[in-house]
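Q: compute the structure for the input listed below.
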Amino acid sequence: MLSGAAIALLLSGVVAGRQVDNGTLLAKLLGRDVIERHQALDTIRRTDPDEVGSELRGALISLLAQAGEAQAQRYRAARAGEELTVQEDPELLLKLIPIVAALRDPRSIEALTAGLGMAAAAREALAALGEQAIPALVALLETPDSRRGAVNDALVTLRFIVEESDTMPLSENAYASIVNLCESRLATSVDPLGNGRLLRTTIDLAVAVDVQRLRRIVELLATDANAVAERGVRPEWVAETQRHAADRLAGIPPQIQREGLNSVLERSR
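A: Numbering: from 1, shown residues only. The predicted structure is shown next:
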């Protein structure tokens, strides 16, 4: 039978090993070797998030923020018709999103918004963080040059948060910020492509919020084709948008439902 001193020695070895492992992973993560970086990410992906130390967590979050900003710059350059530079590590952003999402770390909120529109794990993680994620989501939605996919996912994520408010109550200020956002988006043209997608996602959120003045706007959209067209929806998408509004008012749920972060992450492994 092992003595108390022997057990203590073994435990200290486990802890030390874990510390060394975190340090080695951190060095590979921050190094210039792309292959080693991805090897480190593969190891972290298979590691219990509780075993990812604070410094390594911070590095992962920072790396995701940097990769997200680089992607945003490419998006803005493409819209401006500028020549795009070659990406050093084009797979990095998609690989980081589920890893950082699994940490469930409030410090990752800003970074995870970079993954919206690119991976379901980003919206699931942000929804799980609840009210504290709302300011970052609202800020993204109020930024004119945000990617359309990110805008759509931000609206979906806010709906998830609202739908969970029975178990994770929202403060009056947080709720008001969502109501004001919906009202602003429903009152103007919110769909630059004209296919009604972002308007329909806004309708989903507005009905989930369940405030009378928002429902009245959705009722107008469901019954008045001109009101839909005035919001920038092309003629071929007007009827579809009206049907969508009518379905939500009738209690038919939106197609995209919250799956739960664990199930999303399991599929990414």
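
Q: just the helices in the stretch 151-269 of the chain please.
A: Using DSSP state H, counting those that start in this stretch, the helices of the stretch 151-269 of the chain run over 172-187, 197-209, 212-223, 225-229, 235-249, 261-268.

Q: the ones you listed: which one's closest to residue 162?
A: With respect to residue 162, and counting by CB to CB, the nearest of the helices of the stretch 151-269 of the chain is helix 197-209 at 4.7 Å. In this view, the C-beta of every residue, glycine as well, is placed from N, C-alpha and C.

Q: run the chain-centre distance for the closest one.
A: Taking the mean C-alpha point of helix 197-209 and that of its whole chain, the gap between them comes to 17 Å (CA atoms, centre = their mean, to the nearest Å).

Q: how near is residue 108 to residue 218?
A: Between residue 108 and residue 218 the distance, using CB to CB, to the nearest Å, works out to 33 Å.

Q: just the helices in the stretch 1-150 of the chain please.
A: Here the stretch 1-150 of the chain has its helices, by DSSP H, counting those that start in this stretch, at 4-30, 34-45, 54-79, 92-103, 109-112, 120-129, 134-141, 148-163.

Q: most tightly surrounded among the helices of the stretch 151-269 of the chain?
A: helix 197-209 (a mean of 24; mean count of other CB atoms under 10 Å).

Q: which strands and helices lie in contact with that helix?
A: Here helix 197-209 touches helix 148-163, helix 172-187, helix 212-223, helix 235-249, going by 3 or more CB pairs under 8 Å, 6 or more residues apart in numbering; DSSP states H and E.

Q: got the ones you listed as CSV, with distance to residue 135 and mean pLDDT columns?
A: Output for the helices and strands packed on helix 197-209, formatted as CSV (distance: least, CB to CB, whole Å; pLDDT from 0 to 100):
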stretch, distance to residue 135, mean pLDDT
helix 148-163, 11, 96
helix 172-187, 8, 96
helix 212-223, 20, 97
helix 235-249, 26, 98
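
Q: export those helices to CSV and tack on distance to residue 29?
A: Output for the helices and strands packed on helix 197-209, formatted as CSV (distance: least, CB to CB, whole Å):
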stretch, distance to residue 29
helix 148-163, 25
helix 172-187, 34
helix 212-223, 44
helix 235-249, 43
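
Q: so for residue 81, which of those helices sits nearest?
A: Proximity to residue 81 (CB to CB) singles out helix 148-163 among these, at 17.3 Å.

Q: and that closest one, what does it pack against?
A: helix 120-129, helix 134-141, helix 172-187, helix 197-209.

Q: kindly reformat these as a markdown table containing distance to residue 236.
A: Formatted as a markdown table, those follow (distance: least, CB to CB, whole Å):
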| stretch | distance to residue 236 |
| --- | --- |
| helix 120-129 | 28 |
| helix 134-141 | 26 |
| helix 172-187 | 21 |
| helix 197-209 | 13 |
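
Q: between these, which gets nearest to residue 268?
A: Set against residue 268 and scored by CB to CB, those come closest in helix 120-129, at 6.3 Å.
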